[in-house]
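> can you look at this prediction? I've put the sequence above it.
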Amino acid sequence: MVAVVPARNEADILPVTLPALLGQDYPGEFRVVLVNDRSEDGTGEIAAELGVKAARDGGAPLTVVGGQSRPDGWAGKVWAMAQGVAASAPAAAVGAEGGRAAGAGPSPYLLFTDADIHWAPGALRLLVAAAERDSRALVSQMALLRARTGWERVIVPAFVYFFAQLFPFRRASDPRSRTAAAAGGCMLVSRSALEQAGGLERIRGALIDDVALATLLKRDGNRCWLGLTTQVTSARPYPRLASLWHMVARSAYTQLRYSPVLLAGTIVGLLLLYAAPPAGAIAWLAAAASGGGAGTAVVLAGAAGLASWGLMTVSYLPMLRFYRLSPLRAPLLPLIAVLYAAMTADSARRHYSGRAVSWRGRAAGPV
């Protein structure tokens, strides 16, 4: 088993996350390859120090790879992932101190994870067991995102909720469905399946690498699975609305394939599905409260809006429970949907204004 961790300017967060990955309670051979993607904050040096300390404590061997210049046509993160895969080959298995890493034989699995992801001690063991139980080429779990600040509690559960609406987890896990999706913070991939599908080069220009990888593997006839977990968590803080806004806006228009038609349909759909029902219900209740009476059309629209508002509220409750937040937040989903519509529109604005999608402070798109 080899874990590949792309890392760029992650010096602050690695001491929180990397020791947990290196200390996984995994019964087989396990090592970690961290690709220092030309960081400017000492990421590579800190990772190497953590690797040495973990080795003294009996943790997994760590290889720190210095990232190379990005070739034409490659997206930034995918290129870092590809370098990690190349370094995971037996001949390249060199530890953090320059010695050969233990267990340098071929690994049947690759684990793609992010530098800001914290792993519970037995999470990897459970992930591999799930893959082997049903012969899955991809097992992905959406990391539990941080939801501590006020804005995180507003935006984060809705982010996962809308993602699940766009990519229903059950359909993504159904081999008969064409829907394919994954969560980039936790993707366990069969090495042989990836090679047979053409490798990461097939998705070299993908800005949304997780969905692209799941699509590649599923189209090649492989079984894939996507779900939620509390065993894999994101340590990345999003303390202000601006940071959360960027998280959504940096990739929303990319997900819509830069299509103005899909953009318009998405924004109109969000407003019609989430904003219109409570607006109609409130108009009906206001008319009734004024004592002026309401026409049949207003009554029907108001009743339908109230029912729709109730249904969307109920549908949001499981996600709030998952994040251990009050169910009283559920009726506010329409307001959050309007906010997401604004973020999606801003994502398109950024694209047409020439503001490239960035990965950790650098343009992430193909060059």
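Alright, I've got the coordinates. Not measured: the values here are computed from a predicted model.
> may I see the buried residues of the strand or helix carrying residue 141?
Taking DSSP states H and E as the criterion, residue 141 maps to strand 138-144. Neighbour counts over strand 138-144 (16 or more other Cβ atoms under 10 Å) mark 138, 139, 140, 141, 142, 143, 144 as buried. All C-beta spots, glycine's among them, are computed from the backbone N, C-alpha and C.
> and those, which is closest to residue 156?
residue 144 (9.3 Å; Cβ to Cβ).
> my guess is that closest one contacts residue 233, does it?
Yes - between residue 144 and residue 233 there is a contact under Cβ atoms under 8 Å: 4.4 Å.
> next structured bit after the lowest-mean-pLDDT helix or strand in the chain?
Sorted by mean pLDDT, DSSP states H and E, the helices and strands of the chain end with helix 276-290, the least confident at a mean of 83. As assigned by DSSP H and E, the chain's next helix or strand after helix 276-290 is helix 296-322.
> what ranges do the helices span in this structure?
14-22, 43-56, 76-87, 123-133, 150-166, 169-172, 191-196, 209-219, 241-255, 260-270, 276-290, 296-322, 333-352 (DSSP state H).
> circling back: which one of the buried residues of strand 138-144 is nearest residue 261?
Minimum distance to residue 261 across the buried residues of strand 138-144 is 28.4 Å, recorded for residue 142 (Cβ to Cβ).
> need the contact list for that closest one.
Contacts for residue 142 (Cβ atoms under 8 Å, 6 or more residues apart in numbering) come out as 160, 163, 183, 185, 186, 226, 227, 228, 229.
> buried members of those residues into ChimeraX, please.
The buried subset of these, as determined by 16+ other Cβ under 10 Å, is captured in ChimeraX by this line:
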select :160,163,183,185,186,226,228,229
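> can you redo the contacts of residue 142 as a markdown table with pLDDT and distance to residue 307?
Converted to a markdown table, the contacts of residue 142 look like this (pLDDT from 0 to 100; distance: Cβ to Cβ, whole Å):
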| residue | pLDDT | distance to residue 307 |
| --- | --- | --- |
| 160 | 96 | 25 |
| 163 | 94 | 25 |
| 183 | 96 | 33 |
| 185 | 95 | 37 |
| 186 | 97 | 37 |
| 226 | 97 | 31 |
| 227 | 96 | 30 |
| 228 | 96 | 28 |
| 229 | 96 | 33 |
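> what is the mean pLDDT for the strand holding residue 141?
Strand 138-144 comes out with an average pLDDT of 97.
> show the contacting residues for the closest residue to residue 211 other than its chain neighbours.
Here the nearest residue to residue 211 in space, its sequence neighbours aside, is residue 181; by Cβ to Cβ, 6 or more residues apart in numbering that works out to 5.2 Å. Residues near residue 181 by Cβ under 8 Å, 6+ apart: 140, 163, 167, 169, 172, 210, 211, 214, 226.
> dump those residues into TSV; add distance to residue 288 as well.
Supplementary listing: the contacts of residue 181 in TSV, determined by distance: Cβ to Cβ, whole Å:
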residue	distance to residue 288
140	48
163	37
167	40
169	40
172	43
210	48
211	46
214	49
226	45
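> hmm, residue 154 is touching residue 336, no?
Yes - counting by Cβ under 8 Å, residue 336 is a contact partner of residue 154 at 6.3 Å.
> can you pull the pLDDT of residue 97?
For residue 97, the model assigns a pLDDT of 39.
> and the helices of the chain, which one's lowest on average pLDDT?
Among these, helix 276-290 carries the lowest mean pLDDT (a mean of 83).
> and that one, what's buried?
276, 277, 278, 279, 280, 281, 284, 287.
> list the contacts of the third one.
For residue 278, the residues meeting the contact criterion (Cβ under 8 Å, 6+ apart) are 305, 309, 334.
> can you give the domain ranges for the chain?
2-239, 260-352 (automatic domain parsing).
> tell me which of these sits most buried.
Across those, the average number of neighbours (mean count of other Cβ atoms under 10 Å) peaks for domain 2-239, which reaches a mean of 19.
> please state the offset of that domain from the chain centre?
How far domain 2-239 lies from its chain's middle: 10 Å, per Cα atoms, centre = their mean, to the nearest Å.
> confidence score at residue 355?
Looking at residue 355, its pLDDT is 67.
> ugh, typo on my part, it should be residue 294
pLDDT, residue 294: 58.
> could you do residue 40 as well?
pLDDT at residue 40 comes out at 92.
> contact partners for it?
residue 9.
> distance of it from residue 348?
According to Cβ to Cβ, to the nearest Å, residue 40 and residue 348 sit 30 Å apart.
> now do residue 10
Here residue 10 is placed at a distance of 29 Å from residue 348 (Cβ to Cβ).
> just residue 223 next, same as before
35 Å.
> equivalent analysis for residue 74, please.
From residue 74 across to residue 348, the span is 24 Å (Cβ to Cβ).
> circling back to that earlier point, any chance of the helices of the chain in a markdown table, plus distance to residue 70?
Formatted as a markdown table, the helices of the chain follow (distance: least, Cβ to Cβ, whole Å):
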| stretch | distance to residue 70 |
| --- | --- |
| helix 14-22 | 22 |
| helix 43-56 | 17 |
| helix 76-87 | 5 |
| helix 123-133 | 29 |
| helix 150-166 | 27 |
| helix 169-172 | 29 |
| helix 191-196 | 20 |
| helix 209-219 | 14 |
| helix 241-255 | 18 |
| helix 260-270 | 28 |
| helix 276-290 | 44 |
| helix 296-322 | 36 |
| helix 333-352 | 20 |
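> just give me the longest strand of the chain.
For the chain, the longest strand by residue count, based on DSSP state E, is strand 224-234.
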